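**Q** Starting from these lines, generate the structure:
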Amino acid sequence: MYEVEMKFRVGDIKAFEDRLKELGGILEPRVEEVDLFYQHPQRDFSITDECLRIRRRKLPNGIEEKFLTYKGPKIDQKTKTRREIEIRLDPQEPYETLLELLGFQEKDTVRKFRRRSELLISNQLVEVVLDFLPELEKSDGVGTFVELEIIASESDWEEKRKLIMNLSKDFGFSESIRTSYLELLNKAKNVVTPNVVPPS
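**A** Okay, the predicted model is just below:
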């Protein structure tokens, strides 16, 4: 499966929330997410444009969830479309230790607060999330972002990309960000990352 995603900085949160309600969406309560990013022992993910992470999600009721996610290289120049495999983990099991024993090294951590919503557009379910990253707010002055995401197959990702791009216009968004939160945080810390290999 593929994840088709577009991300935008948000200055006027109220205007976004008002438009979301007009389209039929309601934001859920805020959850905290902490992503642990791992480096492959044989190749540099920052060069191959891949990602392996463990996400710890803390729900408002105190329940913790854990996910292992792999993301492949981006295959589109306008969106963040890429192959994604996500597996739900038992939050009590030491998967972090397992990865380290296999040679993976924990490299970076990203912490954010997320509110999620869903929209049914042309009979397609689109996930809309409002993210707040305290570290980016402190360094850049703008730490709030909106992500529009939809799951696609290899055969229909281009069609769903058009749907996402049209939805972004409905929200009044113009300039999308293809940079990951991790890259934005590293840039804010003046950490230089290598140029990724362009998609073939």
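**Q** buried set for stretch 118-135?
**A** Buried residues in stretch 118-135, counting neighbours by 16 or more other CB atoms under 10 Å, are found at 119, 121, 124, 126-133, 135. The way it works is simple: take the backbone N, C-alpha and C, and place the C-beta from them, glycine included.
**Q** ok, now stretch 57-66?
**A** 57, 66.
**Q** all strands for the chain, in order.
**A** 2-9, 31-39, 51-58, 64-71, 82-89, 105-121, 124-132, 144-152 (DSSP state E).
**Q** now for those, which one comes closest to residue 16?
**A** The closest of those to residue 16 is strand 144-152. By CB to CB, the value is 6.1 Å.
**Q** chain center to the lowest-mean-pLDDT helix or strand in the chain: distance?
**A** Lowest on mean pLDDT, DSSP states H and E among the helices and strands of the chain sits helix 134-140, with a mean of 87. Between the centre of helix 134-140 and the centre of its chain there are 17 Å (CA atoms, centre = their mean, to the nearest Å).
**Q** Pipe the buried residues of stretch 118-135 into TSV and attach distance to residue 36 per row.
**A** Shown next, in TSV, are the buried residues of stretch 118-135 (distance: CB to CB, whole Å):
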residue	distance to residue 36
119	30
121	33
124	31
126	27
127	22
128	25
129	19
130	22
131	17
132	19
133	16
135	15
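**Q** Next, give me the two most distant ones among these.
**A** Of all pairs drawn from these, the widest gap by CB to CB lies between 124 and 135 and measures 33.3 Å.
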